[in-house]
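Engineer: What would the 3D arrangement of this be:
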Amino acid sequence: ATTHHTSSNTSGSIGWTAYESTNWDIWYPSHAPIVEPKWKRQSDIQVAGMLAYYIYTKGEHPFGEGILQQMVNLHEDDPVGLKKLSGGCAPVVKDLLAQMLAREVDQRPYVEQVLQHPYFLSPERQIKFLEAVGNEPEIKSVNPDPCDVSRELDSCHPSKSRSSLLPNDWKAVIDPHDLNTFCAGGAPPSKFDGSRYTHCLRFIRNVRQHWGDKPRPPLKAMGHATSIEEYFLQLFPTLPLVLHQIIREYPDWKARPTLKEFFL
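Structural biologist: Numbers count the residues shown, from 1 in each chain. Sure thing, here's the model as predicted:
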């Protein structure tokens, strides 16, 4: 099912058209004057979100069961199905689909932005994103000038608490043997504050930049990881998502030459 730019008020399958492409006079005849359904570029994004949810859940609709419930929830901007998502990838999938399924057109991402979401990034590119943020002056400095992004990461923002998707102490997540291996020849583990994710980003950046400088002993907690990128994403699977969520709220950060490729 898809939307088409036509003059028909009934183009597209019922329940599978974007909010603005739906003839709401059929469903809410007394609520508003007749408004011609419209198609916009991002109408297809909402429909793609519906189809992506259908595929991900093997046959369910993001706005509920049955046409009536689906249309009511679409009208009320309530993709109830997102609450049912579970599993390791659920937070990342839920974040992406929530944007794609938004009722307001200007709240939906463009195709190019969808493809830069952490869900679609390879392990190498996700770590490159973390590394790029870790290289920003406000993050890179040992004693940085505080900014909104660093405050959120370090859980000291006056009005925003840190995401519950992140462990409270990132250092405690890393095997002690591996932590010492990573720090050998550089700053000792005690120099990094486990409660501050600006320190976590600097730590990952330092490891990435110096890991190949000399032979290293095997890591104890590699698990199924086959690279240093996969190792860190195995420990912090939601870190790229949380960082993406934070930075996309700050237009000046998204527009930085070093970061704009991750947001377009």
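
Engineer: how about the spatially most central residue of the chain, secondary structure?
Structural biologist: With distances taken as Cα atoms, centre = their mean, the residue of the chain nearest its centroid is L241 (3.8 Å). The three-state label given to L241 by DSSP: H, G, I helix; E, B strand; the rest coil is helix.

Engineer: My guess is it contacts K94. True?
Structural biologist: No: if you go by Cβ atoms under 8 Å, L241 and K94 don't touch, sitting 9.6 Å apart. All C-beta spots, glycine's among them, are computed from the backbone N, C-alpha and C.

Engineer: how about the helices of this protein, start to end?
Structural biologist: 24-27, 43-56, 67-75, 90-100, 111-114, 123-134, 137-140, 148-153, 170-173, 176-183, 197-210, 228-235, 239-247, 251-254 (DSSP state H).

Engineer: what does the model give P188 for pLDDT?
Structural biologist: As predicted, P188 sits at a pLDDT of 93.

Engineer: just S8 next, same as before
Structural biologist: 43.

Engineer: Could you point out which of the helices of the chain sits nearest L82?
Structural biologist: Among the helices of the chain, helix 90-100 comes nearest to L82, with 5.1 Å by Cβ to Cβ.

Engineer: Rounded mean pLDDT for the closest one, please.
Structural biologist: 97.

Engineer: Which residue, other than its chain neighbours, is closest to R41?
Structural biologist: Leaving aside its chain neighbours, R41 sits nearest to Y110 (7.6 Å; criterion: Cβ to Cβ, 6 or more residues apart in numbering).

Engineer: State the number of residues packed around that neighbour.
Structural biologist: As a burial measure, Y110 scores 12 neighbours (other Cβ atoms under 10 Å).

Engineer: Do I have it right that it meets I45?
Structural biologist: Yes: with contacts counted by Cβ under 8 Å, Y110 reaches I45, the gap being 7.3 Å.

Engineer: Could you measure from the residue nearest to the centre of the chain over to A48?
Structural biologist: 20 Å (Cβ to Cβ, to the nearest Å).

Engineer: With V114 instead?
Structural biologist: 8 Å.

Engineer: for the nearest residue to A221 once chain neighbours are set aside, phi and psi?
Structural biologist: Ranked by Cβ to Cβ, 6+ apart and with sequence neighbours excluded, the top spatial neighbour of A221 is D175, at 4.1 Å. D175 adopts backbone torsions of phi -60, psi 130, taken as degrees, to the nearest 10.
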